[in-house]
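# coordinates for the following, if possible.
(chains A and B)
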Amino acid sequence: GIQVEQSPPDLILQEGANSTLRCNFSDSVNNLQWFHQNPWGQLINLFYIPSGTKQNGRLSATTVATERYSLLYISSSQTTDSGVYFCAVAGNQFYFGTGTSLTVIP
Amino acid sequence: KAGVTQTPRYLIKTRGQQVTLSCSPISGHRSVSWYQQTPGQGLQFLFEYFSETQRNKGNFPGRFSGRQFSNSRSEMNVSTLELGDSALYLCASSLAVAGGQETQYFGPGTRLLVL
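As a prediction, this is how the structure comes out:
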């Protein structure tokens, strides 16, 4: 299967700081999504981004498919951004990374 | 549009029992996938159903099975429960019209505790 590595595994930020989360994957993919898992376990879609760059408010993402990585940028972080961020890629099935646990402190 | 719904949300079972979990996809979505999330193994793909047929299967024992009905609702069953089956079970749906190149939407999950 496709290997998905996320870094860093843990991140603690002061409110208002910016951060970059990285996702590396081992093979070409036709689907890449970023999710935020809230404390209740719900996976919330952030981006569908198999290639290129997208922005949604304070969040943006870039995928360089030829180099097999994706980046998620969080600007001006808020305490509500806390949670685990997952990258998932798909060949014939979805493969999830191990996630980045983000804690934003006031 | 209503999102993906899963029932029940919480479940406690004992070893050896069996359990059935249900997932209703977003209206119009034809593909339903199931995932298991545990602290040790993370999020792992169980299987995907499309048009009542299992299209893909992850690396889980035969105790894990599923099915999809004509209205795209799906159920998964785990027989002879083991302690290690304690997990959050997540269901996701997608339109499945673009060869996998589309967004998956997840339900809130079912938390299963096996005692």
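# contacts, neighbours, all on C-alpha from now
Fine.
# can you list the buried residues in stretch A:97-106?
Within stretch A:97-106, the residues that count as buried by 16 or more other Cα atoms under 10 Å in any protein chain shown are A:97, A:98, A:99, A:100, A:101, A:102, A:103, A:104.
# quick one: residues contacting the spatially closest residue to the third one that is not a sequence neighbour.
Here the nearest residue to residue A:99 in space, its sequence neighbours aside, is residue A:86; by Cα to Cα, 6 or more residues apart in numbering or on different chains that works out to 4.6 Å. Contacts of residue A:86 were listed using Cα atoms under 8 Å, 6 or more residues apart in numbering or on different chains, and they are A:6, A:34, A:35, A:36, A:37, A:96, A:97, A:98, A:99, A:100.
# can you give me the strands for chain B?
Applying DSSP state E to chain B gives strands spanning B:5-7, B:10-13, B:19-24, B:31-38, B:42-50, B:53-57, B:64-68, B:74-78, B:87-94, B:105-106, B:110-114.
# pick out the most distant pair among the buried residues of stretch A:97-106.
Across the buried residues of stretch A:97-106, no pair lies farther apart than A:97 and A:104, at 21.0 Å, counting by Cα to Cα.
# you'd agree residue A:83 is up against residue A:39?
Yes - applying Cα atoms under 8 Å, one finds residue A:83 in contact with residue A:39, separated by 6.4 Å.
# which one's more surrounded, those two?
residue A:83 (19 against 10; other Cα atoms under 10 Å in any protein chain shown).
# pull the number of nearby residues for residue B:50.
23.
# who's in contact with the closest residue to it other than its chain neighbours?
For residue B:50, ignoring the flanking residues on the chain, the nearest one in space by Cα to Cα, 6+ apart is residue B:31 at 4.6 Å. Counting by Cα under 8 Å, 6+ apart, residue B:31 touches B:48, B:49, B:50, B:51, B:72, B:93, B:94, B:95, B:96.
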